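Participant: Any chance you can model this:
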Amino acid sequence: MIVLLFGAPGSGKGTQSRFISERRKIPTVSTGDMLRAECRHETALGIAAKSILAKGGLVDDDLVNVMVVHRITQPDCRKGFILDGYPRTVPQAIFLSRFLENTKLPPPTVIHLDVPVPVLVTRLSSRRHCPACGTIYNLLYQPPVREGRCDVEGEPLIHRDDDLEDVVRQRMEAYYRLCAPLIEYYSGPNYHRVDGQCEPEKISGQIKSIITARPVRRTMNGTKRPLVVRYSEPSAEVT
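Facilitator: Just a heads-up that it's a prediction; the model follows:
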């Protein structure tokens, strides 16, 4: 099974990708994690990407495509994988569709975690990170026990540049500017929109109904195809 997990930064993709990964026994491929690893190791891609990410920009399609293909052709992806944060543009989506078709892989199941912009800005600008272990805290929803210090390492928490409110708003503008045509590209029976404002457990329950193995029905010409079970819940208006 191939899952495309869509949602703006702060929509809860990390939590739900872990849920899907554990249930389906497939790895999560996060372009964000891959890019941050490149930045930490100061590779050529990391150096080029670091300044772009700090300003809320998006990395060039060609570089991301190469990185993703290299990852999803690894042995642990043979039974399927989850793509978190990719594709982000229609050209990336077209590239991925052609790659899946050429390698005879199944079309993806698309899950869109939809959250209004004001909620996302609040979530992201309240995040703090431990520079030692990478633990992420949210001052509103999941604060550290000791104010300003990591519960694990005791290190002072940092406010990442890409979590500053002005940068967050720029990231949201960039994301939604690209999101609309991308969602249109994937519209159809394999696209599922889920209200990302719900409790994480409720969202997981909705996703479970989507990714559970589906029965088969016959088409007009007698061939078989999956019986599509769609979940769609109207989300709050994005302002």
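
Participant: what residues are up against residue 124?
Facilitator: The contact partners of residue 124, by CB atoms under 8 Å, 6 or more residues apart in numbering, come to 9, 10, 163, 168, 171. To be clear about C-beta, it is placed using only N, CA and C from the backbone, and glycine gets the same treatment.

Participant: between those, which is closest to residue 61?
Facilitator: Closest to residue 61 out of the contacts of residue 124 is residue 171 (17.4 Å), distances taken as CB to CB.

Participant: And the contacts of the helix or strand where that closest one lies?
Facilitator: Residue 171 belongs to helix 165-186 when assigned by DSSP states H and E. Helix 165-186 has contacts (CB under 8 Å, 6+ apart) with 4, 6, 8-10, 54-58, 87-90, 93-94, 110, 112, 117, 120-121, 124-125, 161-162, 191, 238.

Participant: Show the average pLDDT along the helix or strand residue 204 falls within.
Facilitator: Per DSSP H and E, residue 204 falls inside helix 200-211. Per-residue pLDDT over helix 200-211 has a mean of 93.

Participant: now do stretch 46-65
Facilitator: Per-region confidence: stretch 46-65 scores 76 on mean pLDDT.

Participant: cool, stretch 14-25 as well?
Facilitator: The model assigns stretch 14-25 a mean pLDDT of 93.

Participant: what do you get for stretch 181-193?
Facilitator: Rounded mean pLDDT across stretch 181-193 is 93.

Participant: buried stuff in it?
Facilitator: Buried residues in stretch 181-193, counted by 16 or more other CB atoms under 10 Å: 182, 185, 186, 190, 191, 192, 193.

Participant: do the same with stretch 35-42
Facilitator: Neighbour-count burial for stretch 35-42 [16+ other CB under 10 Å]: 35, 36, 38, 39.

Participant: Nearest to residue 104, out of these: which one, please.
Facilitator: residue 35 (28.7 Å).

Participant: And the helix or strand hosting the closest one, how far out from the chain middle?
Facilitator: Assigned by DSSP H and E, residue 35 belongs to helix 31-40. Taking the mean of its C-alpha atoms, helix 31-40 sits 14 Å from the chain's own mean (CA atoms, centre = their mean, to the nearest Å).

Participant: hey, where'd the helices end up in the protein?
Facilitator: 13-24, 31-40, 44-54, 61-72, 90-102, 117-125, 165-186, 200-211 (DSSP state H).

Participant: which parts of the shortest one are buried?
Facilitator: When you say that, I think you mean helix 117-125. The neighbour-count check on helix 117-125 (16+ other CB under 10 Å) flags 117, 119, 120, 121, 123, 124, 125 as buried.

Participant: with these in mind, which one is nearest to residue 198?
Facilitator: residue 119 (11.7 Å).

Participant: Which residue, neighbours along the chain excluded, lies closest to the spatially most central residue of the chain?
Facilitator: The centroid of the chain falls nearest to residue 84 when counting by CA atoms, centre = their mean (3.1 Å). Using CB to CB, 6 or more residues apart in numbering and skipping the chain neighbours, the partner closest in space to residue 84 is residue 30 (4.3 Å).

Participant: Make sure that neighbour is actually in contact with residue 17.
Facilitator: Yes. If you go by CB atoms under 8 Å, residue 30 and residue 17 touch, sitting 7.3 Å apart.

Participant: Which neighbours do these two have in common?
Facilitator: Here residue 30 and residue 17 have residue 84 as joint contacts, going by CB under 8 Å, 6+ apart.
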